[in-house]
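Enquirer: 3D, please:
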Amino acid sequence: MSTLDWVVMVLTIIGIPAFGLWRARASQTVNQYLLAGKTMPWYAMGLSIMATQASAITFIATTGQAYVDGMRFVQFYFGLPVAMVILSATAVPIFHKSGVYTAYEYLEKRFDAKTRALAAVVFLIQRGMAVGVSLYAPAIVLSVIFGWEDRITTFFIGALCVIYTTKGGIKAVTWTDVLQMSIIFSGLILGLTTVISLLPHGISFPDAVYLAGAIGKLNAVDLHFDPNNRYNIWSGLIGGSFLALGYFGGDQSQVQRYLTGKSIAQSRLSLLFNAVAKVPMQFFILFVGTMVFVFYLFIQPPMLFEKTAQAALEKAPGYGQIHQQFDEAWHHRQRAAEAVATARKATDPAVLDKAVADYRAAHKDVTAARNSGIKLLEKTGHGTFNDTNYIFLSFVTKYFPAGFIGLVIAVILTAAMSSSSGELNSLATVSVMDIYRRHVRPEATDLHYLTVSRWSTAGWGLWAVIFAQYAKHLGSLVEAVNQVGSFFYPVLLGVFALAFLFPKVRGGSAFWAMLAAEVAIIALALFTKIAFLWYNVIGTLVVIILGVIIAAMQPAPPPKASIFSSKDEPAEG
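Expert: Numbers count the residues shown, from 1 in each chain. Take a look at the predicted model:
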């Protein structure tokens with residue numbers, strides 16, 4: 001990187017957390033530290049909620065996902081607007097009126113202590129793994145730029161997250177997110193304009209879009225129903241809705257965002273803002289990835305985008321022949337892509353059809369040669385290989401203009417810190433409020449709980465650094481983080497559905513239904529090929545159906561108050 005890139009990167013990395021800490025300078029009580037004193041405006045909550053999703057994973061993995069698999073991943077988000085509307089009408093007013101610190105605290109008010117504890121443990125396991133995945137993303141950035149080992153980079157980023165999260169709490173996290181998202185939007189626009197400006201002379205923007213579509217990269221909507229297909233409109237609308245309901249309605253990292261709101265109306269606005277903005281933003285990010293693919297039709301990419309893996313592959317016996325195949329196939333595809341662009345200007349459809357057919361065949365040859373290289377690398381003992389997360393970074397560091405590289409790298413790093421810090425804060429909140437204060441030391445001073453919250457944040461930060469070392473084996477990070485969620489969110493969504501919609505179901509019924517559903521989800525993963533988005537539907541239904549059945553088999557409980565009551569209610573045995 002140039003000197004200008006370094007200056008921009010350092011100033012951005014220091015400036016964004018400093019802004020958050022300045023805005024959070026009055027967080028001296030548990031309520032201020034964990035809920036910002038319920039003073040946050042809707043736009044700050046909305047941008048913060050979006051920032052937890054627009055993490056470093058979004059920049060690194062989503063663009064790479066589009067490069068490899070096209071834009072069909074956008075269907076994953078089709079159910080999100082539906083979920084936002086439902087939660088605005090149900091979860092937001094219920095959580096606000098109950099006066100809780102965590103979503104799981106409400107479960108004790110509605111059910112009993114063991115159901116609250118089980119939900120809290122499910123969250124801690126899920127979010128504890130997810131924060132490690134999020135933290136590994138910036139390690140990739142620094143590894144690409146400096147060649148540092150990921151162990152060093154994850155520790156460095158993890159330490160920064162712990163420092164400002166421990167100091168400022170949720171208020172620092174939220175205001176940091178606001179500034180970060182403003183820069184992210186600028187970075188996305190910069191990314192697309194840079195890619196388009198670097199296309200060779202004679203290749204127009206419509207040509208680029210046509211070339212991406214001709215090879216299936218613009219496959220944004222798939223109407224075919226197939227439960228084994230990860231991304232189609234049905235898995236997105238149905239499975240995606242259930243996943244989003246579980247994420248925003250049962251994950252403390254999200255619930256905590258809208259619990260900081262000044263009012264129910266402000267919290268609702270924050271979710272509805274995401275309902276409107278999230279799908280277009282993801283579409284735009286994926287489109288940037290497809291344009292990077294088109295760029296590499298004319299500028300030869302490396303066979304593998306991860307530098308260390310490419311260097312190891314070059315030393316493997318038999319690499320020379322595979323490299324020659326890749327080189328010849330790529331040049332064939334380059335000529336074929338140019339022929340398609342030329343044929344589009346002609347008036348003969350037959351000429352265009354022939355050019356497109358040749359282009360598609362050449363692309364298959366390039367893919368086959370690259371896959372041969374990956375198989376050769378894996379035979380050398382490298383293990384399962386996936387370089388999706390390195391594609392966009394490789395493009396940025398090689399082809400972005402000076403100054404802009406530093407800005408984009410800074411955005412990715414601060415996005416990672418912002419996302420991870422929010423997760424650390426929510427993990428600390430649940431650990432202290434749902435486990436420590438409820439079961440270990442129920443009577444202590446506010447200062448004591450504030451101190452324990454800060455130490456808990458540091459402890460979860462250490463865990464994230466450790467688990468991040470495993471994340472390197474999970475392939476595309478954007479898929480990995482959602483797969484992890486799909487193992488646990490159905491259980492949380494199911495128990496909250498029982499709490500909100502089935503007043504006759506009591507604690508014991510909900511508790512055993514949750515455990516059974518988790519077993520069912522694990523069985524689905526081990527013994528079927530059903531796409532992970534459907535775990536969210538099946539798992540949620542298992543909790544609801546079993547909860548209702550078990551409740552029907554129990555003796556009728558004594559009359560109970562409304563679910564909006566903040567008083568403890570009797571639980572079944």
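Enquirer: what's the weakest-modelled helix or strand in this structure?
Expert: Lowest by mean pLDDT, DSSP states H and E among the helices and strands of the chain is helix 30-35, with a mean of 60.
Enquirer: for the stretch 101-250 of the chain, which spans come out with low pLDDT?
Expert: 137-150, 164-173 (pLDDT under 70).
Enquirer: nope, the chain is what I meant
Expert: Low-confidence regions of the chain, defined here as pLDDT under 70, cover residues 20-21, 23-39, 43, 51-58, 137-150, 164-173, 415-416, 418-419, 471-479, 556-573.
Enquirer: Which stretches in it count as strands?
Expert: Using DSSP state E, no strands are assigned anywhere in the chain.
Enquirer: how about the residue nearest to residue 497 when sequence neighbours are not counted, what does it touch?
Expert: Among residues not flanking residue 497 along the chain, residue 544 sits closest, at 5.5 Å (C-beta to C-beta, 6 or more residues apart in numbering). Backbone N, C-alpha and C define where each C-beta goes, glycine included. When contacts are counted by C-beta atoms under 8 Å, 6 or more residues apart in numbering, residue 544 touches 494, 497-498, 502, 513.
Enquirer: Helices - which of those residues land there?
Expert: Using DSSP state H, 494, 497-498, 513 are the members of the contacts of residue 544 that sit in helices.
Enquirer: out of those residues, who's nearest residue 521?
Expert: Distance to residue 521 across the ones in helices among the contacts of residue 544 (C-beta to C-beta) is lowest for residue 494, with 10.5 Å.
Enquirer: Just give the nearest non-adjacent residue to the closest one, would you?
Expert: residue 543 (2.5 Å).
Enquirer: Now for the one you found: which residues touch it?
Expert: 490-491, 493-495, 497-498, 510, 513-514, 516-517.
Enquirer: cutoff 7 Å now
Expert: By C-beta atoms under 7 Å, 6 or more residues apart in numbering, the contact set of residue 543 is 490-491, 494-495, 498, 513-514, 517.
Enquirer: What of residue 2?
Expert: residue 402.
Enquirer: what do you get for residue 40?
Expert: If you count contacts by C-beta under 7 Å, 6+ apart, then residue 40 has 174, 260-262 around it.
Enquirer: give me that answer again for 8 Å
Expert: 48, 171, 174, 260-262, 266.
Enquirer: so can I have JSON lines of those showing distance to residue 70?
Expert: Formatted as JSON lines, the contacts of residue 40 follow (distance: C-beta to C-beta, whole Å):
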{"residue": "48", "distance to residue 70": "30"}
{"residue": "171", "distance to residue 70": "40"}
{"residue": "174", "distance to residue 70": "34"}
{"residue": "260", "distance to residue 70": "38"}
{"residue": "261", "distance to residue 70": "38"}
{"residue": "262", "distance to residue 70": "42"}
{"residue": "266", "distance to residue 70": "38"}
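Enquirer: And these, which two are furthest apart?
Expert: So, those by C-beta to C-beta: farthest apart are 171 and 266, at 15.0 Å.
Enquirer: Looking at the two, which one has more neighbours?
Expert: residue 171 (26 against 22; other C-beta atoms under 10 Å).
Enquirer: And the contacts of residue 544, which is closest to residue 274?
Expert: Lowest distance from residue 274 to those (C-beta to C-beta) belongs to residue 497, with 20.8 Å.
Enquirer: how far away is the closest one from residue 408?
Expert: Noted for residue 497: a distance of 41 Å to residue 408, by C-beta to C-beta, to the nearest Å.
Enquirer: Same check on residue 230?
Expert: Distance from residue 230 to residue 408, by C-beta to C-beta: 28 Å.
Enquirer: Neighbour count for these two, which is higher?
Expert: residue 408 (29 against 21).
Enquirer: For the more buried one, give me its contacts.
Expert: Listed by C-beta under 8 Å, 6+ apart, the contact set of residue 408 reads 59, 187, 190-191, 396, 400.
Enquirer: chain center to the helix ranked longest in the chain, what's the gap?
Expert: Scanning the chain for the helix with the most residues, using DSSP H, yields helix 150-197. Relative to its chain's centre, helix 150-197 lies at 14 Å (C-alpha atoms, centre = their mean, to the nearest Å).
Enquirer: and it, what other elements does it pack with?
Expert: Judged by 3 or more C-beta pairs under 8 Å, 6 or more residues apart in numbering; DSSP states H and E, the packing partners of helix 150-197 are helix 3-23, helix 30-35, helix 42-53, helix 113-146, helix 264-295, helix 391-399, helix 404-430, helix 446-471.
Enquirer: my read: residue 366 touches residue 329, true?
Expert: Yes. Using C-beta atoms under 8 Å, residue 366 makes contact with residue 329 at a distance of 4.5 Å.
Enquirer: what about those two, which has more around it?
Expert: Ranked by neighbour count (other C-beta under 10 Å), residue 366 and residue 329 place residue 366 first, with 23 against 20.
Enquirer: Let me see the contact set for that one.
Expert: 326, 329-330, 333 are the contacts of residue 366 under C-beta under 8 Å, 6+ apart.
Enquirer: And for residue 125?
Expert: So residue 125 contacts residue 488 (C-beta under 8 Å, 6+ apart).
Enquirer: Likewise for residue 356?
Expert: 214, 340, 343.
Enquirer: Now with 6 Å, please.
Expert: When contacts are counted by C-beta atoms under 6 Å, 6 or more residues apart in numbering, residue 356 touches 214, 340.
Enquirer: can you tell me how far it sits from residue 365?
Expert: With C-beta to C-beta as the criterion, residue 356 and residue 365 are 15 Å apart.
Enquirer: again with residue 110
Expert: Taking C-beta to C-beta, one finds residue 110 at 60 Å from residue 365.
Enquirer: Looking at those two, which one has more neighbours?
Expert: residue 110 (27 against 17).
Enquirer: was I right about the more buried one contacting residue 500?
Expert: No. Applying C-beta atoms under 6 Å, one finds residue 110 not in contact with residue 500, separated by 8.5 Å.
Enquirer: Common neighbours of those two, please.
Expert: Joint contacts of residue 110 and residue 500 (C-beta under 6 Å, 6+ apart) do not exist.
Enquirer: Could you tell me how many residues sit around residue 198?
Expert: 16.
Enquirer: Also residue 512?
Expert: Neighbour number of residue 512 under other C-beta under 10 Å is 16.
Enquirer: How about residue 398?
Expert: Counted with other C-beta under 10 Å, residue 398 comes out at 11.
Enquirer: do the one 4 residues further on as well
Expert: Taking other C-beta under 10 Å as the neighbour definition, residue 402 ends up with a count of 12.
Enquirer: which residues does it contact?
Expert: With C-beta under 6 Å, 6+ apart, residue 402 has these contacts: 2, 4.
Enquirer: what about the residue nearest to residue 494, distance to residue 90?
Expert: 16 Å.
Enquirer: likewise residue 455?
Expert: 35 Å.
Enquirer: now residue 81
Expert: 15 Å.
Enquirer: Repeat that for residue 16.
Expert: From residue 16 to residue 90 the distance is 34 Å (C-beta to C-beta).
Enquirer: the more surrounded of these two?
Expert: residue 16 (26 against 16).
Enquirer: pretty sure that one contacts residue 179?
Expert: Yes. Between residue 16 and residue 179 there is a contact at 5.3 Å, judged by C-beta under 6 Å.
Enquirer: Buried subset of the ones in helices among the contacts of residue 544, written for ChimeraX?
Expert: The buried residues among these can be selected in ChimeraX (16 or more other C-beta atoms under 10 Å) with this line:
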select :494,497,498,513
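Enquirer: quick one: which of the ones in helices among the contacts of residue 544 is nearest residue 44?
Expert: So of the ones in helices among the contacts of residue 544, ranked by how close each gets to residue 44 (C-beta to C-beta), first place is residue 497, at 29.0 Å.
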